[in-house]
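1. Everything below, folded, please.
(3 chains)
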Amino acid sequence: MTTAAQDFLRSAAEKSANLTHRHILRKGIDTYNSAVTRGLSRFMNWEAARQKCHEIKFETINHLDRYLLEFEQHVKERGGHVFWAQNGEDARKYIADLAKRHNVRTIVKSKSMVTEEIHLAAALEAQDIKVFETDLGEFIVQLRGEPPYHILTPAMHLTRDDIAALFKEKLGDVDTNDPGELVAAARRALRKAFFSAEMGITGANFLVAESGMIAITTNEGNADLGVSLPKIHVAVAGIEKVIPRMQDLALFWPMVATSGTGQPISCYNTLIGGPRAPNEFAGPEEFHVVLLDNGRTDLLADPEQRDVLHCIRCGACLNVCPVYRTIGGHTYGTTYSGPIGSVLTPHLRGIHEFNHLSYASSLCGACTDVCPVKIDLHHHLLHNRRNAVTAHERPGSEGSEFKMFRWVMQSSARLAASGAIGRMTMRAIYALGLAGTFFDPTRKWTKMHAAPKIPRESFRAQWKHAQVEKK
Amino acid sequence: MPKVSLFIPCFVDQLTPEVGLDMVKVLRRIGYDVDFPENQTCCGQPAFNSGYWNDARVLAERFVDVFRSSENIICPSGSCTTMVRNFYPELLASTPKHDEATKLGQRVFEFSEFLIKVAKVSDVGASFPHRVAYHDACHALRELHLKNEPRELLKHVRNLELVEMPYSEDCCGFGGTFAIKFNMISGAMGDTKAGNAEKTSAEFLTSTDPSCLMHIDGILRQRKSNVRTIHLAQILASTAEAPR
Amino acid sequence: MAQSENPGREAILSRIRTALTKPATSHPAKTTGDIFFPIGDALERFQKECGTNNTECLLTDSLSASTAAIAEIISALPSGPIFLQDAPILRRLAPILVSDRKVQWSTEGLPAEESQAAITLAETLVAATGSVFASAACGGRGAAVVAPTHIVLAFTDQLVPDLEAAFARLYQNGAPQKNSMLVLITGSSRTADIEKILVMGAHGPRRFVVALSPRAE
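-> Predicted coordinates:
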């Protein structure tokens, strides 16, 4: 078992037993569910909306080179720069060099999963640059020295008391657990950063090919400050974020909001095209878009799972996942958690180290049901499992077990015989009070369950008697 | 008399035979002749779900052979029905038995699905004077799109009080080998499900899937709960003369 | 950027082209038809949505009435400069809007940190979501987010039913081409990052006002 798999099991066991943690997540997700129910009622035909989003993304991803080139052309026409980064290292180096050239001392950053993916903040801080996460949830986990817990709500695992204690310690001028005052404290602290930063880094929810503009969505307005005040704006985005037309946002903006938080639409949906235009009086002098591959072209090359690149990072699949709800976001041990993370991570970070994530699911299918772009999430977990077996990445003992299973099941006589022996053995073991002990081959089951009642006769045996009696 | 064939999941055969026997009782009661292809074994789902598609494929091809001459095939499990109908086409893609398997899948029905949609019967003459909560098993709900069918049948059971439990559509946590490989997560999910069942003050929890019920039952008994589990087929088999 | 400076460009494009030689299949459409409910009366819908998203929509019957309403809001604010979009109509109305307060015009640069309010125009108003579509031409970047109160002077002929119509109108007016920024504002800045409790005024304005009248004086 790899270290990542061992860490996962340990953390999952810990979180599964933690009733407080489960309660906090349940509360958060109940709030989300009510909001989404209201949000869905605004759609006359939600299924048609999902289908249309799926079709737009399908068209784009299957002509990705064309749309990326269109996007790049228009960005350049507006005076922006486009850098194509094959991996995290390329992206970090480009941005770090840019910061160095411009003597950047302070950076303000808005929420971006892709910058987490490439560990950008750490690379910049190693150059003695202070990086401020400005999204409140991200700001909170940054102060705690933790990664974000969830794609959309990074601090959902914390109570207001946790945050109050954190702010009291780190910010100083705070002594309250009232959410309104805590938000005001964060605003005060980050204002200084916004007005002194030389560079603003954002992600991009969408890259619009037609106009060479990037779309950034927030409720707080932090990204808007970040693209207005500093001299340089850098936007980092996965290559799969491109969409063909501005008009497509008329559907995507409400879809992301509804699936992500249940809102009809988020508060600030901003489109940025280039640095400040010549006739404008405020805004950055330079604009850079960093397009990141980092394994996405591998996924693109897999026609069966290419639709995983349709993901618009709304977080809905995390919210409905009963496994996520039990173990929380940190247990996954990687940037993308929940169902999308379990599907994506073996592709982006290797099937050797991360195939266990695709196995850590009961395949309930709730994720597939809610995905606004109709990704076949739980079926892809099955595909990843099949791929792991084909690539010989599973323990040898597991393969042998299934060979044995197949051999037994190829004959009803073998099934009947081994079943009878198995049942007899288990009846004896349970009768001797050995359930759950070393002698109990079913102890992984009996650890969490009362020992099952084992019948004396199988169905097929009873059927046979009944047929004999009938005659 | 119309005839149906029984598809008895391997673990029902070995661990919960009463589910299969009660399904037979109900089918006969509503006028069906029932046969059991005795050389059947397993649909292959455990191997398929764990990624061992070559092993699963062998068993799928065998399944097609076993049930070749059956007409309608009835199964007391949403997950096994799903395996045959929804996954055999993909598993057997580009193999000689693909088309036959696909057609066979159209003739395999989960038990409540068969009663409501094919036999067109909602009242099977059952009586079960108890308060009962219903758990929406995931495959039955999301792969076979069964939500109303089991409830329709339960509503026609004499003296049965059907209650909806909170989060009835949440997964119970069984998930096949998931319950072994990730037993603490599975146990926590089952614990949550058991707690929700208890909130209804129901005497019994029922579902279309015996695997879910086995899992929830083991957890309820470990919690020393007042709620017991019973499969839908057993409720439908229960009559005033021969109550379950 | 020259090929030598960004070898990743050709590498990535090449990988994309190779990947796409294998075709994928899409989901067949199981349902078609209109996605959203019909809008009905746009003004009514706009007001209703503003009520839900915490936008103060002041519907008046004339430009002078809107001006007076804004002036009243401004007079009640704590002392500090007011940031105004440098547009002919706002130049004309400034003395009434802000009386003797210090004015910062958008042509001077970003709003000052101490500004108490920003007053701008808009590109278009969207009834379906109760939103205001603004651009860099409406006071520049930062106009909508720096000051704690943002007031938009708008006219009923700017109202369109939905986002699709809004984008069409923007293109008609050349807004995407002429601006480096467009922003769809729906309500005042907010966050629910603490226990999912809604708090207004995170980084952007706590108060968002739209003074709306027919275009007549």
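2. contacting residues for residue C:137?
-> C:123, C:175, C:178, C:179 (CB atoms under 8 Å, 6 or more residues apart in numbering or on different chains). For every residue, glycine as well, the C-beta is placed using N, CA and C.
3. could you redo the last one with a cut-off of 10 Å?
-> Listed by CB atoms under 10 Å, 6 or more residues apart in numbering or on different chains, the contact set of residue C:137 reads A:277, A:279-280, C:85, C:87, C:106, C:120-121, C:123, C:173-175, C:178-179, C:181-182.
4. what's around the closest residue to residue B:207 other than its chain neighbours, how many residues?
-> Take residue B:207 and drop its neighbours on the chain: the residue closest to it by CB to CB, 6 or more residues apart in numbering or on different chains is residue B:135, 4.2 Å away. Number of residues near residue B:135 (other CB atoms under 10 Å in any protein chain shown) recorded here: 27.
5. Kindly report the same for residue A:189.
-> 18.
6. now residue A:161
-> 10.
7. from memory it sits against residue A:177, does it?
-> Yes: using CB atoms under 10 Å, residue A:161 is in contact with residue A:177, at 5.3 Å.
8. Do I have it right that residue A:449 meets residue B:216?
-> Yes: with contact defined as CB under 10 Å, residue A:449 counts as touching residue B:216 (9.2 Å).
9. joint contacts of those two?
-> Joint contacts of residue A:449 and residue B:216 (CB under 10 Å, 6+ apart) are residue B:190.
10. Quick check: which ranges of chain C have low pLDDT?
-> For chain C, the stretches flagged by pLDDT under 70 are C:1-4, C:217.
11. what lines up beside the one helix or strand residue A:200 maps to in the sheet?
-> If you go by DSSP states H and E, residue A:200 is part of strand A:199-202. Strand A:199-202 has the following sheet partners, assigned by DSSP bridges: strand A:106-109 (parallel), strand A:232-238 (parallel).
12. So which residues make contact with the first one?
-> Okay, so that is strand A:106-109. The contact list for strand A:106-109 (CB under 10 Å, 6+ apart) reads A:95, A:99, A:115, A:120-121, A:124-125, A:129-135, A:138-139, A:142, A:190, A:192-203, A:222-223, A:225-227, A:229-230, A:232, A:234, A:236.
13. roughly how far out does it sit from the chain middle?
-> Distance, stretch centre to chain centre, for strand A:106-109: 24 Å (CA atoms, centre = their mean, to the nearest Å).
14. Same question for the last one.
-> Put simply, strand A:232-238 sits 20 Å off its chain's centre (CA atoms, centre = their mean).
15. re the thing from before, of the contacts of residue C:137, grab the buried ones for PyMOL.
-> Restricted to buried positions by 16 or more other CB atoms under 10 Å in any protein chain shown, the PyMOL selection for the contacts of residue C:137 reads:
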select buried, (chain A and resi 277+280) or (chain C and resi 85+87+106+120+121+123+175+179+181+182)
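16. So which of the contacts of residue C:137 belong to strands?
-> C:120, C:181, C:182 (DSSP state E).
17. on that earlier part again, which one of the contacts of residue C:137 is nearest chain B?
-> residue C:182 (39.9 Å; CB to the nearest CB).
18. Report the beta-bridge partners for the closest one.
-> Here residue C:182, judged by DSSP bridges, has bridge partners residue A:271, residue C:135.
19. so how far is chain B from residue A:382?
-> 7 Å (CB to the nearest CB, to the nearest Å).
20. now the strands for chain C?
-> Here chain C has its strands, by DSSP E, at C:55-59, C:82-84, C:103-105, C:117-120, C:124-126, C:131-135, C:149-155, C:159-160, C:181-185, C:190-191, C:199-200, C:207-213.
21. do the stretch 251-400 of chain A as well
-> Along the stretch 251-400 of chain A, counting by DSSP state E, counting those that start in this stretch, strands occupy A:268-272, A:286-292.
22. okay if I get these as JSON lines plus mean pLDDT?
-> Formatted as JSON lines, the strands of the stretch 251-400 of chain A follow (pLDDT from 0 to 100):
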{"stretch": "strand A:268-272", "mean pLDDT": "98"}
{"stretch": "strand A:286-292", "mean pLDDT": "98"}
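23. Buried deepest among the ones you listed, which one?
-> Highest mean neighbour count among those (mean count of other CB atoms under 10 Å in any protein chain shown): strand A:268-272, with a mean of 27.
24. what packs against that one?
-> Where contact means 3 or more CB pairs under 10 Å, 6 or more residues apart in numbering or on different chains; DSSP states H and E, strand A:268-272 is packed against strand A:206-208, strand A:213-218, helix A:222-226, helix A:249-261, strand C:131-135, strand C:181-185.
25. Got the domain ranges for chain B?
-> For chain B, automatic domain parsing gives the domain ranges B:3-118, B:131-237.
26. Just the endpoints, please. Distance across the first one?
-> I take that to be domain B:3-118. Length of domain B:3-118, first residue to last, CA to CA, to the nearest Å: 12 Å.
27. what number of residues lie near whatever residue of chain C ends up closest to chain A?
-> Nearest residue of chain C to chain A (CB to the nearest CB) works out as residue C:204 at 2.6 Å. Applying other CB under 10 Å, we find 29 residues neighbouring residue C:204.
28. hang on, isn't it packed against residue C:190?
-> Yes: Residue C:204 lies in contact with residue C:190 (CB under 10 Å); the separation is 8.5 Å.
29. between those two, what contacts are shared?
-> Common contacts of residue C:204 and residue C:190, defined by CB under 10 Å, 6+ apart, comprise A:218, A:219, A:220, A:221, A:267, A:268.
30. so which of these is the most crowded?
-> That'd be residue A:220 among those, by other CB under 10 Å, with 30 neighbours.
31. burial measure for the nearest residue to that one once chain neighbours are set aside, as a count.
-> Take residue A:220 and drop its neighbours on the chain: the residue closest to it by CB to CB, 6+ apart is residue C:202, 3.7 Å away. Residue C:202 is flanked by 27 other residues according to other CB under 10 Å.
32. again, but for residue A:399
-> 16.
33. I'd like the distance between the residue in chain A that chain C sits nearest to and residue A:163.
-> At 2.6 Å from chain C, residue A:221 is the closest residue in chain A, using CB to the nearest CB. From residue A:221 across to residue A:163, the span is 20 Å (CB to CB, to the nearest Å).
34. Deepest in the core, which of the helices and strands packed on strand A:268-272 is it.
-> Stretch with highest mean neighbour count among the helices and strands packed on strand A:268-272: helix A:222-226 (a mean of 31; mean count of other CB under 10 Å).
35. residue contacts, the closest residue to chain B within chain C?
-> Residue nearest to chain B within chain C: residue C:30 (12.0 Å; CB to the nearest CB). Going by CB under 10 Å, 6+ apart, residue C:30 touches A:47, A:48, A:50, A:51.
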